Every structure is written in structure tokens, then in C-alpha cells.
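Student: Pasting the sequence and the predicted coordinates here, then a few questions.
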Amino acid sequence: MDTVLTWPRRLVACALLLSLIAAGCGGDDTTTDTGTATGDPDQPVSPGGDDESPCFADPGLTPIDISATDPESLAGTELTLVAYDSFLVSDGVFEVFEQDTGIEVSVLTSADTGTMVSEAILTVGDPVADVMWGIDNTFLCRALEAGVFLPYESANLDVVRDELLLDPHHRVTPVDFSDMCVNYWIDALDPPPPTSIADLAEPEYARSFVTQNPESSAPGMGFLLSTIATFGEDGWQDYWRRLAENGVAVTPGWTEAYYGDFIAGGGARAIVMSYASSPVAELIFADPPVDTPPTASLLDSCFRSIEFAGVLAGTDHPEAAALLVDFLLSPTVQEDIPLNMFVFPANTEAALPPEFEEWAPLQQDPLTIAPDVIEAKRDGWTEEWTEIVLR
Amino acid sequence: MPPPAPVDAPPARARRVVAAARWPIVAAVAGFLAVFYLWPVASILWRGRSWSTITDVLGSASSWRIIWFTLWQALASTALTVMVGLPVAHVIARYRFRGRALLRAAITVPFVLPTVVVAAAFLSLSDRLGLDEDPVRLPGTAWAILVAHVFFNVAVVVRTVGGYWSQLDDTPEAAARTLGAGRIRTFVHVTAPRLRPALLSTAAIVFLFSFTSFGVVLILGGLRRVTVETEIWRYATQRTDFETAATLGLVQLSVVVLMLVANSQLQERLAVTERTRPPAEVERPVVRPGERGLLAGAIGIVAVLVGLPLSVLVEASLATDGGYGLDFYRALGEQDQRIPLLPVSGWQAVANSLTWGLLATGIATVVGTAAGVMAASRRRLMGRVTDIAFLLPLGTSAVLVGFGMLIALDDAPLDFRTRWWIVPVAQAVVGVPFVMRTVSTALRSIDTRLREAAATLGAPPPVVWREIDLPIASRAVVVGAAFAFAVAVGEFGATAFLARPQRPTVPTAIFRLLGRPGDLAFGQAMALSVILVLVTGAAVLVIEKLRVAVAGEL
């Protein structure tokens, strides 16, 4: 069995070679040069996007304009919204839209966000739906560079938080955001709870932390990006080496970590990578009811995830799809999503549920990395990460 | 095999009817596979074609290590599964005892459980048994993968080999025993050779399942164990690198085709015709101490392999904060909570699963029976091509099939990719090989002299078919249909096809619940898993009863 241990390194070398040749994105020859645009290793990782990057360059597309469209003429249109598999809104939400506009909406779900985005790129120009919900900032540039979305500047943008507006050309519209944070089971920690990511590599938290594989899990990617944003592009590797020596556990997905190794599902580990809203869910879905959540977030560790909606290029109904994007930003949807999907609304005027106000304080200064930087370096980072964790 | 003796001419009209009916059926069966499997897979492979990627992948040592590990674990899983399954198959096939149908149904249920649930049960079990500590740490090793594959696939051995075994005439064994051979010697020299057709048939299916197994490898294998299937998933879905995914898909298909050609050749070479007898005439009660020991052993295998992990699930579904209770089961029916955990009640999800499952089973049974008849055809080439072609879907990455459908079935007249029925059809494509293989194995084993005798006595082909082939085939159809149902109700393809969230099935509801923090979510997921087990077990029992009602005992 000892030969098996040498696989990963070879795999990394092979995959690196492949990604150089396949040039990463899109599978389209026109995007061949995108991988190196922001690939300067000396450039610090900054939250601000790079206007020169191919991701945010002017796509040269005419935005959808609904100012001259008679809304009555769209009545009777049937739209399809494609979303990731955990998408959930209350019964009757889309009926509100149908009553207002006469446009019918049906929802199709793909698997995780990565699969959904890959499917959209595979079918670019011939989409399975009219609007996509839920592409996040880590996959954003992959889809933008592949030309998946049509530009549309929603009339409701004025109520959206400024810091969420990442695409200057409005091919996507922010609809929600959340923070991916390290969580801990309050009662289970004998030493005081960790106060920073760096603490997790200390001996008192040995074999206490479980996170996820960044190549198969969004929070796993969130934690890797948190460490890169915290320790810098040249410092995170050393931190991860210490974390590995400290007995960090890595699972393929959130469920295996949270309900496998973490205390919540009967596991032995007291610290898990999850979301800022997880303590709220622990409170709401407690059985029997409790007054305070059994878990809390380590705010220092939070990576900001922003989710977007966009009109899919190739739709037969761009105007109706644009109206649906407006509706997704309306209070009807925005006030419905926090308790259904445990995310924060992008609309500043949407009222937050009281549990969110009390138990999921918004991180004012979350960690973040620009989407074009993530897209350019993601494969290299995960390969380096695999090598470190498996060594 | 010697060429079959010419059959005396039955009435010409009947023969013409049979001949006329044959080709449209062959065309329909071939068309089904072409539209829902071959064309989508060809499309995605063509889309990802890249000569440089192919040379890179094939030129790298790491690719070959991954291919070798994938092959190795699949072969080892198959060997282990057959070894564990045979004693149970023997007991179920040869002995009459109370609870036999239940035992047979029980061993099928793991098949439908979502991998994530099984993995949770395994991890919890290894935790309780202290297997989590070095040096016997199971999770993250190749052993964990092998054990899980045996858990999932042992039903295939027990049911298909057992089904075949149960109608073998036991006179040769009795003769051997009378001549003084012991139990083991009789098995090795008399029974095993007679079982070879069924063993080969089963081994091919278990191999394909293990070769393309996804969740087990991803969850139980840890970061180190990577297979061709998990790499295809990673490149296609997480890296949007269709070139590498397609290249690996080609590699996967090549290995699968090579294995199937070898398997099919072996099957042909080792084909034996057998005297079949109604199982009721062959089976006997458990009387002697040796037989009691066998029965206890078989029950022990099932109890440890299936019972232990399932009992962990049952316990978790009942463990509420205030001691054991049915709270989580009750919560599944409640839809008036302020924040529902599921878009519909858990019971509605059960109803959805049953509806979809039966639909897929219906399609798989019809297509699979026709394919089975074709595979057993005396036209050798057609038989072999049918056999291999319909087994291919079992050996193909679900992600590639799903992605292929997105780009292949998008234009009229094949604009099917977002139709509601595409999911049951895709599940049926995976269910067909079970029905086909059990049917063709059974048909091939029929002693041709039986048919000849019937024809000589003046029976036209349809009558020969009804009186001789159908009763034997119907038993095989049911064995296959039970699996087609299990495949459809299980998680197959859950990640590869577009779903309608308004109509969640039980596995998708379980995924949704397990994607949430909170006791209620976890408890309800466990409760729903237990319900899935019970419903599947019950459905398998009903399907078996149906056969008796339709075809009667032989």
C-alpha cells in the first residue's frame, strides 16, 4: 500500500500540466490567455477587483432594456429558474410574481454550485433555463469569461449593498450573501474558544478541528481562501503545514464534517468549518427548544460569500427574465430567503428575522479575495493545498 | 456450443408473425439505448475531445496509478462480494425456512440508501467499535471502500446467483453426495461449475458498480483514494475541464468494454444448459445440525453486514433529547412549522419516490426483458452486442451521461433534457442491465431439448415461448425488476440530472435535511432513511408476490 502514498504528488504534477494545456476556463480557445492575467505572484491578494482582468473587461454586449417593453405583453410567458440543490423559498413566493406580471416561474435544481456553473458553461447560448440563481464569487469569473450571462441593470440596484456589486457590467446581480466561518460547540471546549484562525494550529486545539476539501465543498474553499487572505499568498502554506501536524480532519463535504466529525452529529471534534448563520439554525431547529445556540462563530475566520442571479444568454425571453431578476431583489423574495436558506438578503431594506439580528451578527470586515484572482489561482492553490495536507 | 438441432417447422403463419414482430422490437430497444445513452455519451466525449489532453493523461504515471487503483479495488470488491454472498445465496436457494423472503428483501435494502447515510452509519459504527484509532483505523483506507462495496452489492450476488441456483436440478449434487463426496467437495466440483454462468453474470455487474462507485470512494476513501470516476466528477463539475473529464471517460469506457468482452466470451465458452426444476421441488427444510449451522452462518452474515449499520440508523432516528421516541417521524408529517425543513412533507417524498421508482422499473422491465431475449438470441453477434451495449451504462460515469444529455437532447425532435420523465428514463437505463442479464442467463440455461420436444409435439413458437421460456424468464425478470426498482429509488444520478425541487424524492429530501445544522434536521434525515429502508423492503416483497400472481409457480 505504500506506493499509494506517492500518488498525490504525481497527481498534482500531472494536473498542473493539464491545467496549463487546457488553460483552465471554459474549454473555449478564445479564453486561453485568461489564466495568466492576474497571475503575478508578487501582487498582494486584494479584495478589489482588477478592471484589466478578462473577467471584468467590457463584454461588448447590449444590456437588456425593458424601459420600452409593455409589461402586459409579457403576461403568459413561462420562465425557468435554475438553482443549486439547496435552493428553497416558501410556498407561494413565485405566485406573487405571477399575479403581478402574469409570468409563470418553474424551478429546476442542479447539484452544487460548481456543477451548476459547469452545466451552464457546457450549454452556453442554449441554456436549460432563463435565469440562474446562486452563482457565487468563487465561481463568478469562470462563468463571466465564458459569456454565460446577459447584462441587465436592475431597477432595484439602488437598495443593494454597494460592496456586493462586483460586476461593473451588471451581467450578474447580487441577491444574497453569507459568511463562511469556523464554528465551535461552546460547552465542549475545555480551553477557552479560539479567537483567531492562528489559534487552530495551537496544541490546545489538537485534533479538534474539522474542515472540508476545497475541491468538493464551498465552506472548504471558504476556509482555504480565509487562510490565504489572512496569511498571504506566501504564508498560508506554512499555516496549513502546522494545521496538518495539529491533526486537522478534512471531509469531502459539509454534511460529513458537521454530522460526522463535529459534535453535532455525535463526532468528537468541537470545531468545524461552517457558516455564520449555523448557530441560528441550531437555535431554530433545536429539539427541544433552547434559548441560546449551542454553537458560535469565530468571526475572525469569516470569508464573505456573495451569491448572484443573472439572465442566461440564449434565453428566448430576456425581458421577462429581467423582470424576474427585479423580483428576486424585491422584499417578497429577500425577506423570505434568510430563514429558508440561512443567508443574508442583498436588499438593505429587507427586514431581517429577529434570530438573525440577535445570533448572527454581521461581520463588518470579512475576509475576501477578488473573484478574478480566485479564478486565476484556484487550481494552483487547491493543488498546493492537496500536497500539503496529504504529505 | 454445438449448433442447435433444426426444429421441425411449426405452422408457417405463426412463424411469420414471430418474425414480423421481432424486428420492430429490436429497433425500439436499440433506439432506446441510442437516444438515452449512446448519443449523449458520444456527444460529451466529442465535445471534450482533445488530442493533447489524451496524450498528457495517458502519458502521466499518476493517471495510470489511478486507473490501476480503480481496477484493483473493483476486482477486489467483486471477489469479496462473491465470497460473502455465496453462502447466503446457497441457503436462500436451497432451504425452506421461515423468514426467507424477509431475509432476501433485507439484503436488498442497502442498495437504495444514500451513500452519505451509509457512510454516517459506518463512521458511527467504527467509532463505537473502537475502529477509529490507529492501527485499525478503517475510514480513509482502501478497506473501508471494499467493505462498503460488499455492503451495497452483496444483494446482487445473493439474488441473482440465488435465483439461478434455486431452479437448478439438484440430482447431480445428490449423486455426488451419495458417492461419498463431502459438502465442500460437492460444491467445488459439481455445484460451482454449474453456477458459473450466473456467477460470471453477477460478477460483471458488481464489478461495474464498484468500478464507477462515486460516493463510497469520495466519502469513505479519504483524500488519498482517487478513482477514475471521482476524477471525472472533479474535472467535469468543479474544474469545468471537459477535456480531461472526457479523456478519463474514454479510459473508463475502454476498460469497461475490455472487461465486458472478456466476460461475454467466458460466458459463451462456459455456457451450459441445465435441467431446471421448480424451486419448490428442490428446496428442503433445515433439519440436520450442519444445515442449522449453515443457516445460522447466513443469518449471521446478513446481521453483521446489513443489520449492524441499519441498527445504528434506527437508533439515531429514535434518539431524541428526552430519551427514545418517535418525535422525528412525527415531525416528517408536519408542514405547519414556521420554517419548514422540506418543501413538502416527508410522506409526500415517499410517495414521489415510489411513483418515480415504479415508473422507472416499468420501463426497465419492458426494455430489459426484450434486451434479455435479444442477448440470449441464437444470432451470436446480436446477442453479444446487445449484452455489452446494455451493460455499458452501469460502467459509465453518471456525470458524463447527465452532462451529455444536456448537450445532446436539446433540439427537436429530441428536446428531452428538461422533461420531467428524463430522470426515471435515465434510472431505467441503469436498471435495464439487471433485467437483461438475469433474463438472458436464465434463457440460455434452458435445455434446448425441452423446446425441441415441445416443437416436435406441434407447438408453434409462441406456445413454446409461453410454456417453456416464459415461466423461467419471469422468475429472472422479477429478480432484475427488484434491482431496477432499487436503483431508481436510490440515489443514482442524484447529482447528474436537473431535478424539480417541488417534487423531491426521499434521497433528495435526505440530502436537503443533512445540509442543515440542527437536531431536528439530522433526526428527520435518519427517520426518513429508516422509512426508505422499510418502504423499499416492502416494495421488493410486493414485486416478488406479483410475479407469483402473474406467472404462477413453475
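Tutor: Cool, got the structure. Numbers count the residues shown, from 1 in each chain, chains lettered A, B, ... in the order given.

Student: When you work out contacts or count neighbours from here on, use the C-alpha atoms and nothing else.
Tutor: Will do.

Student: In contact with the residue of the stretch 201-350 of chain A found nearest chain B, which residues are there?
Tutor: In the stretch 201-350 of chain A, the residue that lies nearest chain B is A:E282 (4.3 Å; C-alpha to the nearest C-alpha). Each residue near A:E282 by C-alpha atoms under 8 Å, 6 or more residues apart in numbering or on different chains is listed here: A:293-295, B:517-519.

Student: Which pLDDT value belongs to B:A296?
Tutor: The model reports B:A296 with a pLDDT of 93.

Student: Revised request: answer the last question for A:M132.
Tutor: Looking at A:M132, its pLDDT reads 98.

Student: Quick check: phi and psi at it.
Tutor: Backbone dihedrals for A:M132, given as degrees, to the nearest 10, come out at phi -110, psi 140.

Student: and if you look at B:I219?
Tutor: Dihedral pair for B:I219: phi -90, psi -40, per degrees, to the nearest 10.

Student: Neighbours of it, how many?
Tutor: If you count neighbours by other C-alpha atoms under 10 Å in any protein chain shown, B:I219 ends up with 23.

Student: State the distance from it to B:R512.
Tutor: To B:R512, B:I219 is 17 Å away according to C-alpha to C-alpha, to the nearest Å.

Student: go on, B:D469?
Tutor: Using C-alpha to C-alpha, B:D469 is found at 46 Å from B:R512.

Student: now swap in B:A499 and tell me
Tutor: Separation of B:A499 from B:R512 (C-alpha to C-alpha): 13 Å.

Student: which one of the two has more residues nearby?
Tutor: Using other C-alpha under 10 Å, the more surrounded residue of B:A499 and B:R512 is B:A499, with 26 against 20.

Student: The residue of the stretch 1-150 of chain B found nearest chain A - how many residues pack around it?
Tutor: Nearest to chain A in the stretch 1-150 of chain B, going by C-alpha to the nearest C-alpha, is B:S62, at a distance of 5.2 Å. Counted with other C-alpha under 10 Å, residues neighbouring B:S62 total 21.

Student: And B:W64, by the same measure?
Tutor: 14.

Student: For it, which three-state class applies?
Tutor: Put simply, B:W64 is helix when judged by DSSP: H, G, I helix; E, B strand; the rest coil.

Student: How much space separates the closest residue to it other than its chain neighbours from A:P371?
Tutor: Once flanking residues are discounted, B:W64 sits nearest to B:L58: 7.3 Å by C-alpha to C-alpha, 6 or more residues apart in numbering or on different chains. B:L58 sits 33 Å away from A:P371, taking C-alpha to C-alpha as the criterion.

Student: Residues of the stretch 251-400 of chain B that sit close to chain A?
Tutor: Contact residues (C-alpha under 8 Å from any C-alpha of the partner chain) of the stretch 251-400 of chain B with chain A: B:320-321, B:339-341, B:343.

Student: Going by neighbour count, list what's buried in whichever strand or helix holds B:V542.
Tutor: Assessed by DSSP states H and E, B:V542 sits inside helix B:519-551. Neighbour-count burial for helix B:519-551, counted by 16 or more other C-alpha atoms under 10 Å in any protein chain shown, picks out B:519-533, B:535-541, B:543-544, B:547.

Student: Do that helix and chain A come into contact?
Tutor: Yes: against chain A, helix B:519-551 shows contacts by C-alpha under 8 Å from any C-alpha at B:519-522.

Student: could you give the mean pLDDT of that helix?
Tutor: So the average pLDDT for helix B:519-551 ends up being 80.

Student: Could you list every helix and strand in contact with that helix?
Tutor: Judged by 3 or more C-alpha pairs under 8 Å, 6 or more residues apart in numbering or on different chains; DSSP states H and E, the packing partners of helix B:519-551 are helix B:100-106, helix B:308-318, helix B:327-333, helix B:470-489, helix B:506-513.

Student: And these: which comes nearest A:G235?
Tutor: Minimum separation from A:G235 across these (C-alpha to C-alpha) falls at helix B:506-513, 36.3 Å.

Student: B:I543 is in contact with B:A101, correct?
Tutor: No: at 11.5 Å, B:A101 does not count as touching B:I543 under the criterion of C-alpha atoms under 8 Å.

Student: what sits against whichever residue of the stretch 51-200 of chain A sits closest to chain B?
Tutor: Closest residue of the stretch 51-200 of chain A to chain B, C-alpha to the nearest C-alpha: A:T115 (4.3 Å). Going by C-alpha under 8 Å, 6+ apart, A:T115 touches B:236-238.

Student: Many thanks, have a good one.
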